Every structure is written in structure tokens, then in C-alpha cells.
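*Asks:* let me see the structure of the following:
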Amino acid sequence: MQYQLAQINIAKFRVPMEDPVNRDFVANLDRVNAIAEQQPGFVWRLIGEGENATDIQAYDDPNILVNMSVWADIESLAAFVYRTPAHLDIMRRRREWFERLDIFQALWWVPAGHRPDVAEGRQRLEHLQRHGPTAQAFTFRQPYRSPAFGDEDSPVLDRCA
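*Replies:* Numbering: from 1, shown residues only. Below is the predicted model:
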């Protein structure tokens with residue numbers, strides 16, 4: 001069976017999204033998403049009514065944004081997250097817009113073709129919060145092998161980030 005890497009990340013705005021302080025983030029969101037879609041290894045991303053997922057209410061708190069995507073492998077996602085200038089520019093400024101969260105991202109392997117929903121992503125974040133990195137939900141700092149390689153319960157020794 002073939003596997004792909006799913007990811008969820010959340011962010012909590014310091015002030016409501018419509019506040020002018022968030023203007024640069026909101027103005028760049030569709031552009032950065034479009035760049036992600038052009039990256040080698042990109043498979044899918046969560047999209048709501050517009051070109052992004054800002055209208056998807058994953059939590060009771062309306063200031064929490066959710067982003068989910070699927071990638072061919074962990075290296076492809078890491079290349080986008082940590083080596084794509086447009087994404088890096090936004091990441092460097094995240095403290096201007098978002099509160100610090102202890103757990104904000106989870107990665108996990110899915111069968112090729114599977115598109116996780118928000119409930120599945122939330123479960124993975126909660127699993128990571130309760131148990132730390134495991135094959136069920138892990139981080140770039142402690143990645144786990146794809147089940148396609150067997151021994152998926154063993155962490156990969158090389159970090160991606």
C-alpha cells in the first residue's frame with residue numbers, strides 16, 4: 001500500500017481576523033497557498049468557500065484558523081515549510097498575528113488518496129498533546145516512518161526541521 005503525509009496546523013489570531021493588524025497575513029494567504037500547490041510533492045489542501053480555509057470553523061473559538069494538507073512525503077512538506085521564501089516570510093512574522101500555542105501542528109501517514117477531515121486532524125493534534133510524538137501523530141522534530149517501510153512505530157533518526 002502507498003502512503004502520503006497528512007498535516008494539520010492551527011493558529012490563534014491575537015485579535016479577530018478582520019482587524020487591520022492582520023491585513024498582511026490575510027492579503028498573502030491565497031498567494032502562499034497557490035505557491036504550495038505548485039510545489040513538488042503537493043497533493044491536496046483543505047479549502048472552504050473561498051480559495052483558503054479561513055471560513056472553516058474547526059474550534060469554538062472563531063480566532064483559531066485551521067490548515068490541512070496532504071503531501072507525497074515528509075521531505076516535500078519540509079521543503080515547502082522551511083525552504084520556500086514566500087512561506088518563510090510569513091512564518092517569520094507569525095508573532096505579529098498569532099498567539100503562541102504549545103501544540104499547533106501534527107503530521108501523520110494516510111493511505112494514498114485519503115483526504116482527512118477536520119475532525120481527524122483535531123484527533124491527531126489531541127493525540128500528540130496527550131502522548132507526545134508517536135506513529136499516530138508526530139512532528140518534524142520527531143518524524144515517524146511511513147507504514148510502507150514497515151516498523152512504522154520507530155521514529156526516523158534524521159530530523160526534517
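*Asks:* quick one: the helices in this protein?
*Replies:* 23-37, 74-83, 85-92, 94-97, 118-131 (DSSP state H).
*Asks:* and the angle for the longest one with helix 85-92?
*Replies:* The one in question is helix 23-37. 140 degrees (axes from the mean of the first three to the mean of the last three CA atoms, to 10 degrees).
*Asks:* quick one: buried residues of helix 23-37?
*Replies:* 25, 26, 28, 29, 32, 33, 35, 36 (16 or more other CB atoms under 10 Å). (Glycine included, C-beta is placed from N, CA and C.)
*Asks:* buried residues in stretch 6-22?
*Replies:* Applying a neighbour-count criterion of 16+ other CB under 10 Å, one finds 6, 7, 8, 9, 10, 11, 13, 22 buried in stretch 6-22.
*Asks:* from residue 62, how far out is the first one?
*Replies:* Residue 6 is 24 Å from residue 62, where distance means CB to CB, to the nearest Å.
*Asks:* got it, and the third one?
*Replies:* Residue 8 sits 18 Å away from residue 62, taking CB to CB as the criterion.
*Asks:* surely residue 11 touches residue 105?
*Replies:* No. With contact defined as CB atoms under 8 Å, residue 11 does not reach residue 105; the gap is 9.7 Å.
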